[in-house]
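1. Output the structure for:
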Amino acid sequence: MTADVTYRLAGVSGASFGVRPRAAESKRRRGLRAVCMIAPLAWCIAGALHAQQAPGFPYTQNDFGEVGLLQTPSARMADDGEVGLSWNRVDPYSRINAFAQPFPWLEAVARYTIVSNRPYDPALPGSQSYKDKSIDVKLRLLEESHFLPAVAVGIRDIAGTGFFSGEYVVGSKRWGNFDFSLGLGWGNVGGRGNLPNPLGWIDSGFDHRPTSRPGAVTGKFTASRYFRGPTALFGGVEYQTPLPWLRLKAELDGNDYQHEAQANNQQQRWPINLGALFRVNGNVDVTLGYERGTTYMATVTLHDNIGRRVAAAKPLDPPPEPIAATAADASPPSAASPSAGAAPVAARTSTARADWLAISRVLEKNAGIKVERIAQRGSELLVYGEQTRFFYGSEGLGRAARILDNRIDASIDWITFVPETHGLAIVENSVHRPRFTAYLRHDIDLPALRRSVEQDPTAAQAEQVLYRTPLKRFEFSLGPGLAQNFGSPSKPVVFQLTANGNATVNFTRNLWLDAQVDVNILNNFSSTPYVPPSRLPRVRTYYFNYLQDSNVTVPLFQLTGTRQLGTDLYGMAYAGLFEPMFGGVGGEVLYRPLHQRWALGVDANYVRQRGFKQNFSFRNYHVATGLATFYYDTGWHGLQTNVSVGRYLAGDWGGTFDVSRHFANGVRMGAWATLTTAGSRYGEGSFDKGVYLSIPFDLLLPISRSRSANLVWQPLLRDGGARLSKPYNLYDMTADRDSDLFDANLGKISQ
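-> Numbers count the residues shown, from 1 in each chain. I've put the predicted structure just below:
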């Protein structure tokens with residue numbers, strides 16, 4: 001299962017900001033003020049408000065995309081698997097927020113802020129307004145109980161410019177249709193700064209918040225500023241009205257807007273913000289409000305729980321074949337009409353007499369299996385091939401088992417499908433035929449069937465090949481393409497629409513040539529490409545040059561060969577033009593034992609930088625690059641961690657840490673960060689980082705699809721920590737070895 005479409009959003013800018021420190025106070029006075037500050041929090045924590053799990057009280061986002069009120073956060077969390085995209089406008093800020101809830105206790109927000117009354121850079125031509133990118137996180141420390149509130153801690157702009165950086169601790173308690181929140185904020189969240197920092201009791205260093213010039217800390221984890229400086233109280237209440245589509249919000253803002261970045265201070269007549277949220281439907285919210293006593297606010301939020309989403313109905317799929325009630329009813333369905341009617345199949349035949357050409361056509365049309373060969377081992381029938389339609393392995397196995405059960409006599413007890421990817425046999429998925437038909441007739445339940453379904457490693461065993469499909473030598477397709485970049489000083493969004501031609505020449509099942517030609521249709525490029533500053537070899541910051549120098553490009557021209565080196569060992573070698581910017585030679589080896597939660601892969605490449613026109617010319621820069629990657633699925637709530645170490649495209653050495661959450665339906669949310677020897681030479685952003693979301697098309701479309709859409713957001717595209725972008729990698733090619741995904745969706749075997 002590989003990505004059908006990948007959308008990559010990258011940015012190019014940043015800056016920093018700090019709240020000015022207040023004068024030092026005596027320990028006694030600071031203690032008295034802290035007691036006055038903590039008393040309301042203590043009341044909230046110890047209060048005996050009755051906690052109610054109101055099903056009609058879903059949590060909503062604030063101006064910053066967090067679960068919260070208007071400007072302020074709450075301790076609430078959305079259901080895990082929730083994602084959202086919102087647009088907010090409160091002068092002079094426009095915010096685009098991407099929200100994700102990968103775990104019940106973790107909330108993450110990626111934000112793009114447009115500051116309409118400040119220029120991007122006065123030295124640059126044009127009137128582009130300032131852009132800022134940031135990432136927030138919030139952790140739940142305590143779940144709400146009968147007496148205790150939910151408690152959470154969060155950090156805004158955890159590794160960005162620092163323009164809107166702030167931290168907070170907040171508690172939330174529900175009472176009927178009212179949800180109360182009360183918290184303490186630092187930095188921008190507590191910009192009013194009218195209360196001492198209670199952490200000053202521990203260390204006086206917490207009393208002052210370090211400041212820095214704009215841009216000095218861009219992209220760094222500035223832990224020296226976290227939870228430091230004076231604080232302010234914030235809080236509020238949400239009320240779910242009797243009208244299910246209307247919710248009212250009121251809050252005390254902890255920010256007085258007198259310490260805004262770039263001296264962009266705003267008038268505040270009073271610290272109370274008011275708003276009303278209108279739930280248009282289960283996926284769309286509109287919020288209107290009045291903030292700072294001076295400014296109207298509007299937010300539109302689109303949201304859905306994709307982690308718990310059930311696949312859409314599939315009216316465009318062929319229905320699965322009905323199984324025969326007996327061995328002698330009617331006649332078998334024809335190859336031309338593999339799903340014809342509900343009449344039971346009558347005559348089954350031996351494997352020696354079966355029409356395997358007709359059966360292979362039915363398997364492709366109804367089960368999505370592009371058959372490579374069909375073989376027999378004693379009483380086991382094996383179908384080798386590529387699954388081209390169904391995302392969930394159990395669904396394709398079930399359909400194949402129905403088809404074969406209707407056509408083959410009782411000499412076969414086990415039916416096995418062996419998914420193959422470019423000549424690599426990945427795993428043997430087997431079902432016991434009598435138990436499978438008993439399950440379809442409701443004679444046994446799913447747990448009983450589960451004991452008769454196996455996943456085994458592929459092995460070289462003696463087998464009789466009954467049928468082999470001739471190799472298709474040439475494949476070709478046409479389709480649209482989209483390249484885009486966010487945050488250019490010349491334009492906020494740069495895009496290019498292309499027509500793409502893709503061709504594949506198959507020399508053998510393990511050796512093939514891919515070629516792609518893109519033709520420019522429409523773009524909004526500037527006449528002069530923007531090239532960000534860099535103190536490293538320019539391996540990615542020539543991005544705009546590659547987009548603009550030619551209307552016809554060849555982004556891919558690669559010869560690839562694969563080989564199964566052992567039961568759990570896979571190899572791949574490749575040469576050619578791997579991506580728009582680099583070409584060369586390389587290879588990869590992956591050890592991925594079945595039924596284990598870990599895998600180890602190594603790739604090594606020698607590459608040369610391509611010419612800007614993306615033809616067959618090269619520039620002078622060349623480098624040896626490669627990574628060793630340890631993949632580990634923890635088995636805990638779908639958490640996976642991958643650690644890579646090695647040499648990157650700019651010649652820098654370092655490591656990448658990737659953490660993701662895998663949901664049972666195949667959705668994946670994740671983030672990565674790369675630290676290398678580039679150090680201070682990396683430039684704006686300080687280190688490579690980003691977030692991503694992978695969604696199976698099967699969840700969204702009225703027809704089954706085996707592939708996924710990948711959304712990638714990279715705040716800054718720089719040269720440090722840059723990895724080669726190859727069209728294939730062995731870990732993704734062996735994705736069918738994911739036993740958890742197969743087992744979690746075993747119920748689809750009857751669909």
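2. so where is the stretch 51-200 of the chain shaky, pLDDT-wise?
-> Applying pLDDT under 70 to the stretch 51-200 of the chain picks out residues 51-57, 121-127, 160-161.
3. Sheet partners, orientation included, of the helix or strand hosting Val691?
-> Element membership of Val691, judged by DSSP states H and E, is strand 688-696. Strand 688-696 has these partner strands in its sheet, going by DSSP bridges: strand 668-676 (antiparallel), strand 708-714 (antiparallel).
4. Who does Phe476 form a beta bridge with?
-> Bridge pairing for Phe476 - DSSP bridges - gives Ala503.
5. Report the separation between it and Tyr120.
-> Remark: distance between Phe476 and Tyr120 (CB to CB, to the nearest Å) = 44 Å. Where C-beta positions appear, they are placed from N, C-alpha and C, glycine not excepted.
6. The two: which has the busier surroundings?
-> Tyr120 (20 against 10; other CB atoms under 10 Å).
7. That one - nearest residue in space that isn't next to it in sequence?
-> Gln128 (4.2 Å; CB to CB, 6 or more residues apart in numbering).
8. about what we covered before: what's the closest of the strands paired with strand 688-696 to Phe417?
-> strand 708-714 (20.5 Å; CB to CB).
9. Report the mean confidence score over the closest one.
-> Across strand 708-714, the average pLDDT comes to 86.
10. Ok, stretch 455-471 next?
-> 91.
11. Can you measure across it, start residue to end residue?
-> By CA to CA, to the nearest Å, the extent of stretch 455-471 from end to end equals 27 Å.
12. buried set for it?
-> 455, 457-458, 466-467, 469 (16 or more other CB atoms under 10 Å).
13. Inside helices: which ones of these?
-> Within the buried residues of stretch 455-471, membership in helices is found for no residue, as judged by DSSP state H.
14. Mind putting the residues you listed into CSV with distance to Pro696?
-> What follows is the buried residues of stretch 455-471, written out as CSV (distance: CB to CB, whole Å):
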residue, distance to Pro696
Gln455, 20
Pro457, 25
Thr458, 25
Leu466, 33
Tyr467, 31
Thr469, 27
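15. Show me which of those residues is closest to Thr388.
-> Thr469 (13.1 Å).
16. Who are the contact partners of the closest one?
-> 360, 370-373, 385 (CB atoms under 8 Å, 6 or more residues apart in numbering).
17. Check Arg309 too.
-> Residues 81, 665, 667, 699 are the ones in contact with Arg309 under the rule CB under 8 Å, 6+ apart.
18. what stretches of the stretch 501-650 of the chain score poorly on pLDDT?
-> Using pLDDT under 70, the flagged stretches of the stretch 501-650 of the chain are 526-530.
19. repeat that with 80
-> 524-532 (pLDDT under 80).
20. all strands for it, in order.
-> Using DSSP state E, counting those that start in this stretch, the strands found in the stretch 501-650 of the chain span residues 511-523, 552-564, 569-577, 582-591, 598-610, 618-633, 639-647.
21. So for Ala327, what's the pLDDT?
-> Reported pLDDT for Ala327: 42.
22. Name all residues that make contact with Arg279.
-> Contacts of Arg279 (CB under 8 Å, 6+ apart): 244-247, 285.
23. Report the beta-bridge partners for it.
-> Going by DSSP bridges, Arg279 forms beta bridges with Asp285.
24. What score does it have for pLDDT?
-> pLDDT, read off for Arg279, is 94.
25. related to what we said a few turns ago, pretty sure the residue nearest to Tyr120 sits against Pro119.
-> Yes: assessed by CB atoms under 8 Å, Gln128 is found in contact with Pro119 at 6.8 Å.
26. Kindly tell me how buried the nearest residue to Gly601 once chain neighbours are set aside is, as a neighbour count.
-> Excluding the flanking residues, the one nearest Gly601 by CB to CB, 6+ apart is Leu590, at 4.1 Å. Neighbourhood size, Leu590 [other CB under 10 Å]: 22.
27. repeat for Asp738
-> 18.
28. residues contacting it?
-> Here Asp738 is in contact with no residue (CB under 8 Å, 6+ apart).
29. separation between it and Trp245?
-> On the measure of CB to CB, Asp738 and Trp245 end up 40 Å apart.
30. how does this protein divide up, domain by domain?
-> Here the domain assignment for the chain is 18-305, 315-470, 474-739, based on automatic domain parsing.
31. Ok, which of those domains comes nearest Asn745?
-> Among these, domain 315-470 sits nearest to Asn745 (CB to CB), with 4.3 Å.
32. starting at the chain centroid, how far to that closest one?
-> 33 Å (CA atoms, centre = their mean, to the nearest Å).
33. Same question for stretch 650-657.
-> On CA atoms, centre = their mean, the centre of stretch 650-657 falls 22 Å from that of its chain.
34. and the strand holding Val691, C-alpha only, in PDB?
-> Output in PDB follows, covering the C-alpha atoms of strand 688-696 (Å, rounded to 0.1, in the frame of the first residue of the first chain):
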ATOM      1  CA  ASP A 688      14.400  20.100   9.800                       C
ATOM      2  CA  LYS A 689      11.000  19.200  11.100                       C
ATOM      3  CA  GLY A 690       7.400  18.500   9.900                       C
ATOM      4  CA  VAL A 691       4.100  16.800  10.400                       C
ATOM      5  CA  TYR A 692       2.200  14.400   8.200                       C
ATOM      6  CA  LEU A 693      -1.200  12.700   7.800                       C
ATOM      7  CA  SER A 694      -1.900   9.600   5.800                       C
ATOM      8  CA  ILE A 695      -5.600   8.700   4.900                       C
ATOM      9  CA  PRO A 696      -6.600   5.600   3.000                       C
END
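35. rewinding a little: taking the contacts of Thr469 one by one, which sit in helices?
-> Those of the contacts of Thr469 lying in helices (DSSP H): Ser360.
36. Pairing partners for the residue lying closest to Gly586 once chain neighbours are set aside in the sheet, please.
-> Nearest in space to Gly586, with sequence neighbours left out and distances taken as CB to CB, 6+ apart, is Asn605 at 3.3 Å. According to DSSP bridges, the residues that bridge with Asn605 are Gly586, Thr625.
37. And Phe618, by the same measure?
-> Beta-bridge partners recorded for Phe618 (DSSP bridges): Arg610.
38. check contacts around the residue nearest to Ser165 when sequence neighbours are not counted.
-> In space, and not counting its chain neighbours, Ser165 is closest to Asp157: 4.0 Å by CB to CB, 6+ apart. Counting by CB under 8 Å, 6+ apart, Asp157 makes contact with 134-136, 163-166, 188.
39. Could you rerun that using 10 Å?
-> 16-17, 64, 111, 113, 132-136, 163-167, 187-188, 222 (CB atoms under 10 Å, 6 or more residues apart in numbering).
40. where along the protein do the helices fall?
-> 27-46, 356-367, 393-405, 433-440, 446-450, 543-548, 730-733, 739-744.
41. mind putting those in TSV, mean neighbour count included?
-> Listed next are the helices of the chain as TSV, based on neighbours: other CB atoms under 10 Å:
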stretch	mean neighbour count
helix 27-46	14
helix 356-367	21
helix 393-405	27
helix 433-440	18
helix 446-450	13
helix 543-548	20
helix 730-733	18
helix 739-744	17
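42. Figure out which of those is closest to Ala152.
-> helix 27-46 (12.8 Å).
43. so for the closest one, what's the average pLDDT?
-> 38.
44. hmm, back to that, if I look at the residue nearest to Gly586, how far off is Thr553?
-> 21 Å.
45. pretty sure Tyr59 contacts Glu144?
-> No: Tyr59 is beyond contact range of Glu144, at 11.9 Å (criterion: CB atoms under 10 Å).
46. So for these two, which residue has more residues nearby?
-> Per other CB under 10 Å, whichever of Tyr59 and Glu144 has more neighbours is Glu144, with 21 against 17.
47. Leaving out the residues flanking it, which one is nearest to that one?
-> In space, Glu144 is closest to Ala150, 4.1 Å off (CB to CB, 6+ apart).
48. Dig out what the one you found forms beta bridges with.
-> Bridge pairing for Ala150 - DSSP bridges - gives Ser172.
49. Then Val431?
-> Beta-bridge partners, per DSSP bridges, of Val431: Ile415, Val453.
50. Near it, how many other residues are there?
-> 24.
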